[in-house]
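# Next one to model:
(one chain, ligands or ions: 1)
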Amino acid sequence: MTRAIEIVLPGVVEPRGLQVRETTVPAPGEGLASVRVEASGVSFAEQQMRRGKYYDQPPFPFVPGYDLVGTVTAVGPGVPPALVGKRFAALTKTGGWASQVVLPAADLVPVPDGVDPVEAETVVVNGITAWQMLHRVAKVRSGGTILVHGANGGVGSTLLQLARHKDIRVIGTASPRHHDTVRGLGAIPIDYRDTDLPARVREHAPDGVDAVFDHVGGPGVVDSYRLLKRGGTLVSYGSASTRDVAGSSQLPVLKLVARLMWWNCAPTGRGAHFFNIWAGKRRAAAFRAKLAEDLGNVLALLADGTLTAQVAARFPLTEAAAAVELAESGTVAGKVVLVPSPAA
Ligand SMILES: NC(=O)c1ccc[n+]([C@@H]2O[C@H](COP(=O)([O-])OP(=O)(O)OC[C@H]3O[C@@H](n4cnc5c(N)ncnc54)[C@H](OP(=O)(O)O)[C@@H]3O)[C@@H](O)[C@H]2O)c1
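Numbers count the residues shown, from 1 in each chain. Below you'll find the predicted structure:
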């Protein structure tokens, strides 16, 4: 047994309602590894979960934490002992906001030597999402032009950098306070609250764009689809605009998916897809292999300096409430990261 600290989301609460709890973590069993967490991220998903608005969140209470980076401290039967002392990243969906966790060893992806754990953390869920949407779904070629909504956010800023690395021109929507950041990452910034957003996009892409990456959902997704040129692809991957709308957490996503399927069947020469990082059988070897390959690619780009980690702020794990407040303030660019104290 190892003593640990974890953050509990007890129900629908304000960030200050998050609880810091002491717990014990059992020794790892067959196929499992015990990981000392060095960094875990605050994602948009937790903003939805604390409102009870995430599509398939577990029942309260639970420990949030979509992803983490940490070092293996012990392994169970069937896991190579050589993993002990090595640093890995993992996608957890929940449970990452803890100082020590036990995970399937098959879910661990190696972090290259010399990469700071907090910097590596910024590209786990964000990096896999951005990589898979760009390279596996939209498959945009060099020289193309794309529209990225939320270009200052965790996924958005990573997607923008991956696209620029492939010589893809990026138009990025963000609040004006983030335009310098978006410009600094090589994209053309546009205010997402502009009353005629399509006209602003067409000033830079008169014939439309090759792909739109839309996490906003709601009525604006119609503009996203209409901005595509023939052969273009809409990748919808969230419903941020309905975060504060009362009612079902699932209905907005189901409506969105139905609309995308309808568009995708229409003979317009344009594609429309909903991306979900968990699509596929999570425990299937092929799913894990694809995830490990894509995250490995992104971590390698971070290690060689092609990607710059967008760390908005670092908070001790026990200050998760303040971290969530900051993440929700709309003032940050990049990812807010929780760092457990080494002794916890
Ligand atoms: N489908 C999947 O598998 C998958 C995986 C990962 C993430 N996601 C989704 O990706 C999105 C981004 O996640 P993240 O962790 O990168 O979030 P994040 O770092 O908090 O960034 C959110 C971004 O969205 C912008 N935004 C917030 N509300 C908006 C609205 N109503 N209209 C337009 N823009 C809005 C924010 O702009 P300001 O800063 O100006 O407010 C910010 O740029 C979320 O919707 C999340 O659910 C989906």
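
# Assess the claim that residue 193 and residue 200 are in contact.
No - with contact defined as C-beta atoms under 8 Å, residue 193 does not count as touching residue 200 (10.9 Å). C-beta here means a position set from N, CA and C on the backbone, and glycine is covered the same way.

# which residue does the stretch 101-250 of the chain bring closest to the ligand?
For the stretch 101-250 of the chain and the ligand, the shortest gap (C-beta to the nearest ligand atom) falls at residue 153, measuring 2.3 Å.

# Next, that residue: phi, psi?
Note on residue 153: its backbone torsions stand at phi -80, psi -180 [degrees, to the nearest 10].

# So which elements touch the helix or strand harbouring residue 293?
Using DSSP states H and E, residue 293 maps to helix 285-303. On a contact count with 3 or more C-beta pairs under 8 Å, 6 or more residues apart in numbering; DSSP states H and E, helix 285-303 meets strand 87-91, strand 109-110, helix 117-121, helix 125-131, helix 154-165.

# Low-confidence ranges, this protein, go.
The model of the chain has pLDDT under 70 over residues 343-344.

# what residues does it put near the ligand?
Contact residues, the chain versus the ligand (C-beta under 6 Å from any ligand atom): 43-45, 125-126, 129, 149-150, 152-156, 174-175, 178, 192, 215-216, 237-238, 240-241, 275-277, 327, 330.

# which of residue 193 and residue 200 has more neighbours?
residue 200 (16 against 10; other C-beta atoms under 10 Å).

# Distance of residue 315 relative to residue 6?
Separation of residue 315 from residue 6 (C-beta to C-beta, to the nearest Å): 15 Å.

# These two: which is more packed in?
residue 6 (26 against 18).

# you'd agree the more buried one is in a strand?
Yes - counting by DSSP: H, G, I helix; E, B strand; the rest coil, residue 6 is part of a strand.

# Just the strands from the stretch 151-300 of the chain, written as ranges.
Counting by DSSP state E, counting those that start in this stretch, the stretch 151-300 of the chain has strands at residues 169-174, 188-191, 209-214, 228-236, 271-274.

# Single out the most deeply packed of these.
Highest mean neighbour count of the strands of the stretch 151-300 of the chain: strand 209-214, a mean of 27 (counted as mean count of other C-beta atoms under 10 Å).

# all helices for the stretch 201-344 of the chain, in order.
For the stretch 201-344 of the chain, helices defined by DSSP state H, counting those that start in this stretch occupy the ranges 221-226, 251-265, 285-303, 320-327.

# Single out the most deeply packed of those.
helix 320-327 (a mean of 21).

# tell me what it is packed against?
strand 32-42, helix 44-49, strand 311-316, strand 335-339.

# ok, and what's touching the following helix or strand past the second one?
Tracing the chain C-terminally past helix 44-49 and defining elements by DSSP H and E, one meets strand 67-75 next. Residues outside strand 67-75 that contact it (C-beta atoms under 8 Å, 6 or more residues apart in numbering) are 2, 27-28, 32-41, 43, 81, 83-92, 96, 100-101, 105, 108, 111, 117-118, 120-121, 124-125.

# so who does the most centrally placed residue in the chain touch?
Nearest to the mean C-alpha position of the chain, counting by C-alpha atoms, centre = their mean, stands residue 126 at 3.2 Å. For residue 126, the contact set (C-beta under 8 Å, 6+ apart) comprises 41, 43, 154-155, 157-158, 335.

# Ok, residue 329 next?
Residue 329 touches nothing, counting by C-beta under 8 Å, 6+ apart.

# And the residue nearest to residue 55 when sequence neighbours are not counted, how close does it get to residue 239?
Nearest non-adjacent residue to residue 55, counting by C-beta to C-beta, 6 or more residues apart in numbering: residue 253, 5.3 Å away. Residue 253 sits 5 Å away from residue 239, going by C-beta to C-beta.

# No more questions from me, cheers.
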